[in-house]
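Participant: after the sequence you'll find the predicted model.
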Amino acid sequence: MTLTHDSAAQFTRVLTESLPYLQKFSGKTIVIKYGGNAMENEQLQRGFARDIVLMKQVGINPVVVHGGGPQIGELLTKLNIPTRFVQGMRVTDSQTMDVVEMVLGGLVNKQIVNLINHQGGKAVGLTGKDGQTIRAQKLNVSSQSPETNTSEIIDIGHVGEVKSIKTDLIDTLIASDYIPVIAPIGVDEEGISYNINADLVAGKIAEVLNAEKLMLLTNVAGLLDKQGQLLTQLSTEDVDYLIADGTIHGGMLPKVRCALSAVKHGVKSAHIVDGRQTHAVLLEIFSNEGVGTLIN
Ligand SMILES: Nc1ncnc2c1ncn2[C@@H]1O[C@H](COP(=O)(O)OP(=O)(O)O)[C@@H](O)[C@H]1O
Ligand SMILES: CC(=O)N[C@@H](CCC(=O)OP(=O)(O)O)C(=O)O
């Protein structure tokens with residue numbers, strides 16, 4: 001097939017446009033949170049895996065942290081185990097924790113590893129238990145009672161937050177040209193397992209690795225305002241206001257909070273990106289067309 005004059009011009013424009021980004025990001029670490037909702041279909045999955053392999057090929061160090069909320073929900077339904085969320089977090093009793101480990105550490109993790117390897121990458125899957133990478137502690141969730149104006153702590157079981165991240169296993173993998181694929185399960189000093197929101201894990205890992213970028217792939221165009229319009233750029237003050245007035249809620253809360261924390265702790269930029277768009281990762285990194293919401 002020969003290229004027409006127009007398509008040849010477009011092809012070279014796209015390639016040359018990517019040059020400054022290739023130069024800027026070569027040797028840098030980019031943490032990508034791959035959400036359960038962004039794994040919707042095989043075409044998206046293949047596109048994502050190809051983007052990750054391409055990044056590695058051009059000298060960037062991608063680190064993938066994945067979710068799998070919908071996949072956990074599916075297995076819980078099959079097993080007739082009811083599930084509910086408090087402030088975007090799945091209430092996790094010990095039976096649910098077993099399912100979370102099976103789905104995140106087994107099914108989803110190995111599926112992503114397989115997809116990346118199939119595109120010619122070298123992916124290695126781990127949970128936060130491997131190499132004691134994610135030290136967790138129980139997450140205390142508090143709720144405010146408008147009647148009494150007091151707050152109470154709600155026990156949501158094995159839900160954790162990140163206490164610390166040990167990076168030696170991740171560093172070793174990166175140094176040997178592997179792509180780490182991390183499931184958001186942590187463990188405390190007693191060996192108790194915790195289910196951690198994948199956005200929170202991605203944010204912390206980006207912080208400790210001093211990543212250039214944190215990309216949170218999701219199932220919406222980015223952060224939307226009350227009218228459903230995309231907000232392309234946000235500062236800390238904007239976010240505080242949007243949380244207070246209820247525009248940001250549910251699963252978007254941990255995303256925005258961890259993005260803010262990451263940029264506050266040295267990550268150059270955080271992006272909430274539409275994972276339903278094929279090759280969203282490539283578009284964000286290598287083109288002038290920023291996609292989604294930039295938090296800086
Ligand atoms: N202001 C907002 N803008 C966009 N999405 C929002 C907003 N507030 C809440 N959400 C909800 O957050 C969801 C994304 O979070 P979540 O379902 O946890 O996604 P993921 O599985 O990708 O992590 C959206 O689908 C939407 O329902
Ligand atoms: C505590 C908590 O809610 N953990 C999440 C972990 C998976 C996750 O974060 O998946 P997504 O990114 O696909 O939503 C859960 O159980 O669903």
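Facilitator: Yep, that arrived. Ligands and ions are numbered 1, 2, ... in the order given.
Participant: show the pLDDT at Q277.
Facilitator: According to the prediction, Q277 has pLDDT 89.
Participant: now it. Nearest residue, chain neighbours left out?
Facilitator: In space, and not counting its chain neighbours, Q277 is closest to V291: 6.9 Å by C-beta to C-beta, 6 or more residues apart in numbering. Glycine gets a C-beta too; all of them are placed from N, C-alpha and C.
Participant: and if you look at D130?
Facilitator: In space, D130 is closest to L169, 6.4 Å off (C-beta to C-beta, 6+ apart).
Participant: before we move on, the earlier item: which pLDDT value belongs to the residue nearest to Q277?
Facilitator: Here the pLDDT value assigned to V291 is 81.
Participant: cool, and A8?
Facilitator: Predicted confidence (pLDDT) for A8: 82.
Participant: V239 - how many residues pack around it?
Facilitator: Neighbour count of V239, defined by other C-beta atoms under 10 Å: 19.
Participant: contacts only, for the residue nearest to D130.
Facilitator: 126, 130-131, 133, 180 (C-beta atoms under 8 Å, 6 or more residues apart in numbering).
Participant: dump these into TSV; add distance to ligand 1, pLDDT and secondary structure as well.
Facilitator: What follows is those, written out as TSV (distance: C-beta to the nearest ligand atom, whole Å; pLDDT from 0 to 100; DSSP: H, G, I helix; E, B strand; the rest coil):
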residue	distance to ligand 1	pLDDT	secondary structure
L126	20	98	strand
D130	23	97	helix
G131	25	96	helix
T133	21	98	coil
P180	19	98	strand
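Participant: of those, keep whichever come out buried.
Facilitator: Neighbour counting over the contacts of L169 (16 or more other C-beta atoms under 10 Å) leaves 126, 130, 133, 180 as the buried ones.
Participant: now for those residues, which pair is the farthest apart?
Facilitator: Spatial extent of the buried ones among the contacts of L169 (C-beta to C-beta) is set by the pair D130 and P180 at 9.8 Å.
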